[in-house]
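Student: Structure, please.
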Amino acid sequence: MSLQGVGIDVADIRRFARLLGLRGSGFAVRWFTDVEIAQCMAATTPATAFAMRYAAKEAVWKALGPGEWSGPLPWRGITVLEDSPGSLEVTLEGPAADLAALAGVTAVRVATVPGPRMAIATAVAEGVPMRGENA
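Tutor: Purely as a prediction, here's the structure:
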C-alpha cells in the first residue's frame with residue numbers, strides 16, 4: 001500500500017446551522033445521500049455533523065487529486081457514513097470512483113475534528129503505485 005494523496009478541508013458550522021434553520025434538512029439533498037442526511041439529523045448537533053461530512057467530502061476529493069477536472073464535484077458519489085461511534089467510512093461511486101481507479105486508489109480514510117465554529121477534515125488516499133511510479 002502506498003500514499004496516493006492527502007486532502008484537508010474546513011467547513012463553517014454556523015453556515016450549516018443557518019441552512020438548517022432556513023430550509024431544514026432539505027438543503028442537504030444536493031450534497032448528501034439520504035443515509036448521510038439521516039445520520040446527520042440524528043446527531044446531537046446536526047449542523048456540526050453536516051459540516052464535518054461536508055469537509056470530509058471536500059478532503060476526499062482533494063486526496064483523489066482531480067487535476068484537470070472540469071465538471072461539477074460529484075458530491076453524492078462520495079459517501080461518508082459513521083460505521084461506529086467516531087469512525088467514518090468512505091464509499092465512492094460514479095465519477096469519484098472512476099477517478100480513484102485511474103489514480104490507483106483502493107481506500108480512502110477520513111478523520112474529522114469539530115471545533116466551536118469550524119469542522120476540520122483530513123483524508124488520505126491509499127493504493128497501489130501505478131505503473132512507472134516508485135513505491
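Student: Going by C-alpha atoms from here, please, whenever you check contacts or count neighbours.
Tutor: Noted.
Student: so where is this protein shaky, pLDDT-wise?
Tutor: Where the chain drops to pLDDT under 70, the residues are 1, 129-135.
Student: Report the central residue of this protein.
Tutor: Closest to where the C-alpha atoms of the chain average out (C-alpha atoms, centre = their mean) is Lys57, at 1.7 Å.
Student: Tell me the secondary structure of that residue, please.
Tutor: Under DSSP: H, G, I helix; E, B strand; the rest coil, Lys57 falls in the helix class.
Student: Nearest residue to Ser113 in space, please, no chain neighbours.
Tutor: If you look again at residue 113, you'll see it is Val, not Ser. Nearest-residue entry for Val113: Ile120, 5.2 Å, with adjacent residues in sequence omitted and distances by C-alpha to C-alpha, 6 or more residues apart in numbering.
Student: Assumed the one you found was part of a strand.
Tutor: Yes. Applying three-state DSSP, one finds Ile120 inside a strand.
Student: which helices and strands sit right next to the helix or strand harbouring Ala100?
Tutor: Using DSSP states H and E, Ala100 sits within helix 94-103. Packing contacts for helix 94-103, counted by 3 or more C-alpha pairs under 8 Å, 6 or more residues apart in numbering; DSSP states H and E, involve helix 46-64.
Student: list the buried ones in the helix or strand that the helix it packs on is followed by?
Tutor: Going down the chain from helix 46-64, the next helix or strand is strand 78-84, by DSSP H and E. Of the residues in strand 78-84, those with enough neighbours to count as buried (16 or more other C-alpha atoms under 10 Å) are Ile78, Thr79, Val80, Leu81.
Student: Can you convert those into TSV and add a column each for distance to Ala38?
Tutor: Formatted as TSV, the entries for those read as follows, by distance: C-alpha to C-alpha, whole Å:
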residue	distance to Ala38
Ile78	16
Thr79	13
Val80	12
Leu81	10
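Student: farthest-separated two in the residues you listed?
Tutor: Every pair in the buried residues of strand 78-84 was compared (C-alpha to C-alpha); the two farthest apart turn out to be Ile78 and Leu81, at 9.9 Å.
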